[in-house]
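S.K.: Here's my sequence, what's the structure:
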Amino acid sequence: PADRCSRPALPVGRLATRLPSCQRSRSAVTCRLSGTLLDEDNPPLVLPSGHVYAEAAVLRLEAAHGGGAFRDPRTDDVVTMGSLRRAYFL
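M.R.: Next up, the predicted model:
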């Protein structure tokens, strides 16, 4: 809604009166491996290669490889759980 969009204070505000209202949209980020939503319950983890996957997908990869380490599905590099970083989206 236009009433939720802030406009600059006068005198610049007068220039903006004829501009269209801004639109707000919501985005959702999903895991490339599992297709699940990345959120606070399933946080994104960054592999050393820079690829980002959902925590649940990474845990499944780790379990499938006997725990402790797994292969990056995109690069085939061996990845340890200690080398992962959590990503934050604003």
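
S.K.: mind checking the end-to-end distance for stretch 48-56?
M.R.: Start-to-end span of stretch 48-56 (Cα to Cα, to the nearest Å) is 18 Å.

S.K.: That one - what's its average pLDDT?
M.R.: Stretch 48-56 comes out with an average pLDDT of 96.

S.K.: Give me the contacts around that stretch.
M.R.: With contacts defined as Cβ atoms under 8 Å, 6 or more residues apart in numbering, stretch 48-56 is touched by 31-34, 36-38, 42-47, 61, 72-75, 77, 79, 83, 87. (C-beta placed from N, C-alpha, C; glycine too.)

S.K.: Can you list the buried residues in the longest helix along the chain?
M.R.: Longest helix of the chain, by residue count under DSSP state H: helix 55-64. For helix 55-64, a neighbour-count test (16 or more other Cβ atoms under 10 Å) marks 55-59, 61-62 as buried.

S.K.: now for the next helix or strand after that helix, which elements pack on it?
M.R.: Per DSSP states H and E, helix 55-64 leads on to strand 69-71 as the next helix or strand towards the C-terminus. Secondary-structure packing of strand 69-71 (3 or more Cβ pairs under 8 Å, 6 or more residues apart in numbering; DSSP states H and E): helix 55-64, strand 78-80.

S.K.: try 7 Å this time
M.R.: strand 78-80 (3 or more Cβ pairs under 7 Å, 6 or more residues apart in numbering; DSSP states H and E).

S.K.: what lines up beside whatever helix or strand comes next after the strand it packs on in the sheet?
M.R.: Next helix or strand after strand 78-80 toward the C-terminus (DSSP H and E): strand 85-86. Strand 85-86 sits in its sheet next to strand 44-46 (antiparallel), going by DSSP bridges.

S.K.: Give the burial count for R85, as a bare number.
M.R.: Neighbours of R85 under the rule other Cβ atoms under 10 Å: 11.

S.K.: List the residues that contact it.
M.R.: For R85, the contact set (Cβ atoms under 7 Å, 6 or more residues apart in numbering) comprises V46.

S.K.: per-residue confidence for it?
M.R.: 96.

S.K.: Which strand residues bridge it?
M.R.: V46.

S.K.: any idea how far it lies from L61?
M.R.: R85 is 16 Å from L61, where distance means Cβ to Cβ, to the nearest Å.
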